[in-house]
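Visitor: Generate coordinates for the sequence data below:
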Amino acid sequence: MELGLASSRSALLTAAAPPLASPRPRSSPSLQIQNHIYSMPALSHKAHTPLACQASLATKYMETPEIVDLDWENLGFGLVNTDFMYMAKCGPDGNFSKGEMVPFGPIALSPSAGVLNYGQGLFEGLKAYRKTDGSVLLFRPKENAIRMINGSDRMCMPAPTVEQFVDAVKLTVLANKRWVPPTGKGSLYIRPLLIGSGAILGLAPAPEYTFIIYVSPVGNYFKEGLAPINLIIEDNFHRAAPGGTGGVKTIGNYASVLKAQRTAKEKGYSDVLYLDAVHNKYLEEVSSCNIFVVKGNTICTPALEGTILPGITRKSIIEVAESKGCKVEERPVSVDELLTADEVFCTGTAVVVSPVGSITYLGKRVEYEGNQGVGAVSQQLYTSLTSLQMGLAEDRMGWTVQLN
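Guide: Numbering: from 1, shown residues only. Below is the predicted model of the structure:
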């Protein structure tokens, strides 16, 4: 992994990012942060129909501030109610209607909707970043579209085409552009949802599907930020099994990790690392992140064999590392390798790159050294990837999409 572990490390670690934008004066002292849910006065939608809302979208946006007056310094990773969301329907013919921008808010579902009764649903996660010139960048939205298409096949659902997906993401971000945080203060998290919204009683695919995209400005996923997190290996519960749905982003995969995650956090850990369900000794992934292990000049990560989500940040980190001369191996990685590693880090849309400061397994705690707990490789890859995402470095990979 010669990242040039001498030259590349020094170049990346010494690369100074431009100063962060200063916080805007707050004109709404009543704005409070409570339970990670933030409320802001919404646009005056009155009783807009979807079509009326779409027609008046540009006018309403022009009447609002360029950036919302929010406490960007203390944003955290929680829901902020924004202005608009995207919705499109798909009936038995498998074709999605032309989507519409509607005011963000509750949706109507039958109690017998497929998603409520049988968990027929998928979601995606990607981000938009504000550049220093005020324009907005999306990061690899086509990859999310492809992953949703792959997941929909596994879940017997129709999916929007890549073009429909990307266009819908663009529309939603532009409609909520004032919620994209200032440069260096966070990102706009984009959540596409595909759900079986049609009513169904017997176990079968739903007769109707709804594609929704909503957004929320976010800060760091882990409160530590780019600081080491502490993981505990779960040896009782498993996240996925061969032949299951661990390799697609279906909603049920996430509810099943909540119990172990809650127990771990009550004990002071940041999150849980899961092992394979067959041998109980090979690494799979953290609750919502992929895992990487560094030993000597090699970066290893568990291979994608159907039980691990093919993370887009995972894929990007592998490609960035290889472009810098790193040796990256995708293969089974045992607990023993993890416990003797030089460095460990997680990747994901929400966390980007999160260094691991310690791993606890069967009562034994192993700590990893680094600059204040942040390993050199984690730091390099984090700097390289976020510089691309925020438009601070030339995008030679062709991954970003600029919205004007």
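Visitor: could you pull out the helices for the protein?
Guide: 7-14, 50-55, 57-62, 114-118, 141-154, 162-175, 252-255, 258-266, 312-323, 335-339, 376-389 (DSSP state H).
Visitor: Tell me which of those helices lies nearest to residue 231.
Guide: Taking C-beta to C-beta, helix 258-266 is the member of these nearest to residue 231, at 8.1 Å. Every C-beta, even on glycine, is put in place using the N, C-alpha and C of the backbone.
Visitor: hang on, the earlier thing: which of the helices of the chain sits most buried?
Guide: Ranked by mean neighbour count, the helices of the chain are led by helix 376-389 with a mean of 22 (mean count of other C-beta atoms under 10 Å).
Visitor: Give the other helices and strands that that helix contacts.
Guide: Helix 376-389 sits against helix 7-14, strand 136-139, helix 312-323, strand 343-348, strand 352-361, with contacts defined as 3 or more C-beta pairs under 8 Å, 6 or more residues apart in numbering; DSSP states H and E.
Visitor: How many residues are close by residue 130?
Guide: 24 (other C-beta atoms under 10 Å).
Visitor: next one: residue 334
Guide: Close neighbours of residue 334, defined as other C-beta under 10 Å, add up to 16.
Visitor: all strands for the stretch 1-150 of the chain, in order.
Guide: In the stretch 1-150 of the chain, the strands defined using DSSP state E, counting those that start in this stretch lie at 37-38, 79-80, 84-90, 100-103, 121-123, 126-130, 136-139.
Visitor: so which of the helices and strands packed on helix 376-389 gets nearest residue 390?
Guide: With C-beta to C-beta as the measure, strand 136-139 is the member of these nearest residue 390 (7.1 Å).
Visitor: Residue 128 against residue 179, yeah?
Guide: No. Taking contacts as C-beta atoms under 8 Å, residue 128 lies outside contact range of residue 179: 9.5 Å.
Visitor: So for the two, which residue has more residues nearby?
Guide: Using other C-beta under 10 Å, the more surrounded residue of residue 128 and residue 179 is residue 128, with 28 against 22.
Visitor: In contact with the residue nearest to the spatial centre of the chain, which residues?
Guide: By C-alpha atoms, centre = their mean, the chain has its centre lying nearest to residue 349, at 2.9 Å. Contacts for residue 349 (C-beta atoms under 8 Å, 6 or more residues apart in numbering) come out as 125-127, 189, 311-313.
Visitor: For residue 323, give its distance to residue 396.
Guide: 8 Å (C-beta to C-beta, to the nearest Å).
Visitor: closest to residue 248 out of the helices and strands packed on helix 376-389?
Guide: Residue 248 lies closest, by C-beta to C-beta, to one member of those: helix 312-323, at 13.4 Å.
Visitor: can you list residues touching both of residue 128 and residue 179?
Guide: 188, 215.
Visitor: still on that earlier bit, what's the distance between the residue nearest to the centre of the chain and residue 199?
Guide: As judged by C-beta to C-beta, residue 349 and residue 199 stand 32 Å apart.
Visitor: do the same with residue 305
Guide: From residue 305 across to residue 199, the span is 36 Å (C-beta to C-beta).
Visitor: Just send the strands of the stretch 1-150 of the chain back as TSV, with distance to residue 229 too.
Guide: Below are the strands of the stretch 1-150 of the chain laid out as TSV (distance: least, C-beta to C-beta, whole Å):
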stretch	distance to residue 229
strand 37-38	23
strand 79-80	22
strand 84-90	31
strand 100-103	37
strand 121-123	23
strand 126-130	20
strand 136-139	22
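Visitor: So which of the ones you listed is the most surrounded?
Guide: Across those, averaging neighbours per residue (mean count of other C-beta under 10 Å) puts strand 126-130 on top, at a mean of 24.
Visitor: how far away is the residue of the chain most remote from its centre from residue 112?
Guide: The C-alpha centroid of the chain is most remote from residue 202, which lies 33.3 Å away (C-alpha atoms, centre = their mean). Using C-beta to C-beta, we find residue 202 at a distance of 10 Å from residue 112.
Visitor: again, but for residue 322
Guide: Residue 322 is 48 Å from residue 112, by C-beta to C-beta.
Visitor: got it, and residue 234?
Guide: For residue 234 relative to residue 112 (C-beta to C-beta), the value is 34 Å.
Visitor: Many thanks, we can stop here.
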